[in-house]
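Colleague: structure of the sequence below:
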Amino acid sequence: MRAFAGIGLVVTAEVIAAAGMVAARRLQRRDSTLSSAAEDMLVDSPLTLTTALELEPADAVLPATDRSRPIPAQLLQDLRSDPLLGLADVRLVQHLQTTGAGLPERSQAGSSYQGLNRQVAQHAAAEPVPAARLTWLTMRLELPGSPRRAWADRAAGPMLARGGGLEGARRTLDKAARTASAQLAVAGYRTTTLTEADYQPGFRTGLADAAATTEPEGLVTAPGGVLVGIDPAHRPVVLGLFRRRGLSAAVIGGRYLAEILALRGAAVGARVIVETARPDEWDPVLLHSGLDPARLVVQPAARPTAPAAWPKPTAATPLLVLRDCGARPPYAAVPRGAWTAVVTVLPYLDPRSAGYLKDADLVGLQRMSREEAAMVRHLLGLSDKETTAVADLPAPMALWRSRDRTTRYCELAATHWEETLIGRPTR
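Modeller: Purely as a prediction, here's the structure:
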């Protein structure tokens, strides 16, 4: 198997090297839990070139509603029938992980992490939100000499027109990826072309379930994430904290909101680092949450580091770094990267910390003074109504705003277990 860096192409060809077939067989063993259709798409004939695009709704960080964004029904058919591409197959592969996978079934507080997401969803009369839902668009090209001769002959012309050989095949799939990305952008999707490194520790990303389809109809594409509460219309509010690009968030609020984020982040499988200047106040979570040092650590301010034994963050086991270090957090080399969210919690807005809000992909606001609200309005471009509302929010409420200016009001909807563990909502 060979990957072309930056364009996510996987080659399995006898004519390249014997080592390529060994790599292909290793990939197939890693991916044994894929549905047969998905496996056929990703690891098939000895002369195949495949590329994969990861699809993400443009509002994945803070979905405006709980509805799934449709993928254009004609997209797959247009890609298959385009004679200038000569593709052998185009499919959608979806990876799904439910909340609570791999977590302790019961905490010392007598409740279940597996049930936490479900209990919050019950407030919204909605289905529980999955911890992760990844959707990939995969495209396959048959190379000359393939036993699928008709498909290889169909691809020969487009490949030859782009230089011939593997380079022509690479350029053909690159053209297909750009064509698909442009059409998906119109439909409200961002795309990322996967590389071989994105497949580790297995092509299925370690998620609980995977399936493939040749048609987009009926496919749920709303992203998974942290179910943080419900809006005034009783719809679920989901934060897409964990993404392939990484995420930076800032919260003006109390420790209570930070603890809610820690517990619900853990409930979607995240490992949690709490960097704090007040470690004693985090003792209830540290001692009674049921999370051992393999899932939760509390560290001194300015020294947040992932324990050496922790694995690299993945879609199935992301990393949440909570910086609870006062209104002016000290500089620290915070862990960053794919599937990592860094959330800076500010008790109030100090003008010297305004950059945290300005640079954040996601901002959370609890009740604040009218003077602070005026500063936040200038930084984030809040409307008059939002500026007035944020100064009068009740303790269980927060206003969330993404970089693309999507705004959601949210009641934290604490469960009985959360109230037992960390008390009633405070600001």
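Colleague: how many neighbouring residues does residue 188 have?
Modeller: 13 (other Cβ atoms under 10 Å). For every residue, glycine as well, the C-beta is placed using N, CA and C.
Colleague: and residue 55, what element?
Modeller: Take DSSP states H and E as the rule and residue 55 turns out to sit in strand 48-57.
Colleague: packing partners for that strand?
Modeller: Under the contact definition 3 or more Cβ pairs under 8 Å, 6 or more residues apart in numbering; DSSP states H and E, strand 48-57 sits against strand 9-12, helix 36-42, strand 132-142, helix 165-186, strand 189-193.
Colleague: so after the last one, what's the next helix or strand?
Modeller: The reference is to strand 189-193. Past strand 189-193, the next helix or strand by DSSP H and E is strand 209-213.
Colleague: mind saving the C-alpha coords of that following strand as CSV?
Modeller: Extracted in CSV, the C-alpha atoms of strand 209-213 (Å, rounded to 0.1, in the frame of the first residue of the first chain):
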residue,chain,number,x,y,z
ASP,A,209,-19.8,0.6,13.8
ALA,A,210,-19.4,1.3,10.1
ALA,A,211,-21.6,0.9,7.1
ALA,A,212,-21.4,1.8,3.4
THR,A,213,-24.1,2.9,1.0
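Colleague: direction included, what does it pair against?
Modeller: Strands flanking strand 209-213 in the sheet, each with its direction: strand 89-97 (antiparallel) (DSSP bridges).
Colleague: contacts for the strand it pairs with next, please.
Modeller: Under the contact criterion Cβ atoms under 8 Å, 6 or more residues apart in numbering, strand 89-97 has outside partners 34, 37-38, 41-42, 52, 71, 76, 79-80, 130-140, 204-205, 207-214, 216, 219, 224, 269, 315-316.
Colleague: got a quick PyMOL command for the buried subset of those residues?
Modeller: One line in PyMOL is enough to select the buried members of the contacts of strand 89-97, burial here meaning 16 or more other Cβ atoms under 10 Å:
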select buried, resi 34+38+41+42+52+71+76+79+80+130+131+132+133+134+135+136+137+138+139+140+204+205+207+208+210+212+213+216+224+269+315+316
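Colleague: any idea which helix or strand comes after the strand holding residue 55?
Modeller: That would be, after strand 48-57 and using DSSP H and E, helix 73-81.
Colleague: name the helices or strands packed onto that following helix?
Modeller: Helices and strands in packing contact with helix 73-81 are listed as strand 89-97, helix 165-186; criterion 3+ Cβ pairs under 8 Å, 6+ apart.
Colleague: now with 6 Å?
Modeller: strand 89-97 (3 or more Cβ pairs under 6 Å, 6 or more residues apart in numbering; DSSP states H and E).
Colleague: name the helices or strands packed onto the following helix or strand past the strand it packs on?
Modeller: Elements were assigned by DSSP H and E; along the chain past strand 89-97, the next helix or strand is helix 113-123. Counting contacts by 3+ Cβ pairs under 6 Å, 6+ apart, helix 113-123 is packed against strand 226-230, helix 255-267.
Colleague: buried residues, the longest one. List them.
Modeller: Residues of helix 255-267 classed as buried under the neighbour-count rule (16+ other Cβ under 10 Å) are 255-267.
Colleague: mean confidence (pLDDT) on that helix, please.
Modeller: Computed over helix 255-267, the mean pLDDT rounds to 92.
Colleague: got the angle for it vs strand 226-230?
Modeller: 130 degrees (axes from the mean of the first three to the mean of the last three Cα atoms, to 10 degrees).
Colleague: what about whichever helix or strand comes after helix 255-267, distance to the chain center?
Modeller: Sequence-wise, the next helix or strand beyond helix 255-267 is strand 271-276, with elements assigned using DSSP H and E. When distances are taken as Cα atoms, centre = their mean, to the nearest Å, strand 271-276 is centred 19 Å away from the chain's centroid.
Colleague: quick one on the thing from earlier: for the helices and strands packed on strand 48-57, give me a markdown table that also has distance to residue 233 and mean pLDDT.
Modeller: Converted to a markdown table, the helices and strands packed on strand 48-57 look like this (distance: least, Cβ to Cβ, whole Å; pLDDT from 0 to 100):
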| stretch | distance to residue 233 | mean pLDDT |
| --- | --- | --- |
| strand 9-12 | 44 | 42 |
| helix 36-42 | 36 | 44 |
| strand 132-142 | 23 | 93 |
| helix 165-186 | 28 | 96 |
| strand 189-193 | 25 | 94 |
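Colleague: format these as JSON lines; extra columns: distance to residue 348.
Modeller: Compiled in JSON lines, those are given as follows (distance: least, Cβ to Cβ, whole Å):
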{"stretch": "strand 9-12", "distance to residue 348": "50"}
{"stretch": "helix 36-42", "distance to residue 348": "50"}
{"stretch": "strand 132-142", "distance to residue 348": "34"}
{"stretch": "helix 165-186", "distance to residue 348": "39"}
{"stretch": "strand 189-193", "distance to residue 348": "34"}
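Colleague: of the ones you listed, which approaches residue 373 most closely?
Modeller: Residue 373 lies closest to strand 189-193 among the helices and strands packed on strand 48-57, at 31.5 Å (Cβ to Cβ).
Colleague: mean pLDDT per helix and strand in this protein: which one sits at the bottom?
Modeller: When the helices and strands of the chain are compared on mean pLDDT, DSSP states H and E, helix 18-30 comes out lowest with a mean of 30.
Colleague: now the helices and strands packed on helix 113-123 as JSON lines including distance to residue 243?
Modeller: Conversion of the helices and strands packed on helix 113-123 to JSON lines gives the following (distance: least, Cβ to Cβ, whole Å):
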{"stretch": "strand 226-230", "distance to residue 243": "12"}
{"stretch": "helix 255-267", "distance to residue 243": "14"}
